[in-house]
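Asks: Build the 3D model from these lines:
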Amino acid sequence: MPKRSYPFSESFSSQYKVHVGQKQINNCGAFGLKYRQEVYEKTKNLLFNGTKAMMGRIWKADALVSGPAAVSPAPGPQTLLKGQTRIGLDGRLQRASAAPGCAAAPSACCVCQRVSGLRKPCSQCERPACAACIRQCNICSDRCCSLCTITDYSERYERVLCCGCSS
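Replies: Okay, the predicted model is just below:
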């Protein structure tokens with residue numbers, strides 16, 4: 001009497017070995033959104049607390065360098081150079097204008113970082129760029145740095161577009 005044939009197809013497997021760990025349960029399970037929100041909040045708090053601690057150390061170091069008779073600066077708005085940004089209490093970036101009496105930083109080209117030569121501000125980001133790094137938009141004719149322009153190769157000749165015209 002011959003052997004019976006195998007009744008299932010070749011690809012059928014009644015048992016698969018699948019690893020289901022805590023990460024898979026948290027990402028795809030019922031409480032996945034809650035878990036991701038907790039991780040986000042914890043990471044954000046660590047970043048903000050680390051920045052506050054670092055700034056506290058910088059302020060203490062400034063007070064020690066200037067002498068014991070000097071008053072340590074209060075944690076409040078700091079003087080920023082033109083173009084610098086800081087993180088506000090709501091977590092958004094805030095741009096500041098140059099503080100009065102604050103020495104201006106040496107303005108190098110925002111693209112090639114060269115200090116020599118004449119620099120003009122970009123019409124998009126207002127950072128100084130040298131003549132070699134400035135491009136003119138083919139649509140609005142604004143002069144932008146090469147970081148704020150996109151080169152379009154879809155037509156016969158290439159076109160330079162600023163970020164405002166490219167969207």
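
Asks: what about residue 149, neighbour count?
Replies: 25 (other C-beta atoms under 10 Å). C-beta: built from backbone N, CA, C; applies to glycine.

Asks: wait, what's in contact with the residue nearest the centre of the chain?
Replies: Geometric centre of the chain, nearest residue: residue 93, 10.4 Å, by C-alpha atoms, centre = their mean. Listed by C-beta atoms under 8 Å, 6 or more residues apart in numbering, the contact partners of residue 93 are 85, 86, 87.

Asks: what do you get if the cut-off is 6 Å, keeping everything else the same?
Replies: Contacts for residue 93 (C-beta atoms under 6 Å, 6 or more residues apart in numbering) come out as residue 85.

Asks: What part of the protein, helix or strand, is modelled with the least confidence?
Replies: Every helix and strand in the chain was compared by mean pLDDT, DSSP states H and E; the lowest is strand 93-95, with a mean of 72.

Asks: pLDDT of the helix or strand just after that one, averaged?
Replies: If you walk from strand 93-95 toward the C-terminus, the next helix or strand you reach (DSSP states H and E) is strand 119-121. Averaged across strand 119-121, the pLDDT comes to 87.

Asks: So which other helices or strands are in contact with the next helix or strand after strand 119-121?
Replies: Of the helices and strands lying after strand 119-121 in sequence (DSSP H and E), the nearest is strand 128-130. With contacts defined as 3 or more C-beta pairs under 6 Å, 6 or more residues apart in numbering; DSSP states H and E, the packing partners of strand 128-130 are strand 119-121.

Asks: Which parts of the chain are strands?
Replies: Assignment of strands within the chain using DSSP state E yields the ranges 85-87, 93-95, 119-121, 128-130, 134-136, 143-145, 149-152, 159-162.

Asks: The fourth one: partners in the sheet, and parallel or antiparallel?
Replies: Take DSSP bridges as the rule and strand 128-130 pairs in its sheet with strand 119-121 (antiparallel).

Asks: same deal with the first one?
Replies: Looking at strand 85-87 with DSSP bridges, its partner strands are strand 93-95 (antiparallel).

Asks: before we move on, the earlier item: quick one, which of the strands of the chain gets closest to residue 113.
Replies: Shortest separation from residue 113 across the strands of the chain is recorded for strand 128-130, at 9.8 Å, computed as C-beta to C-beta.
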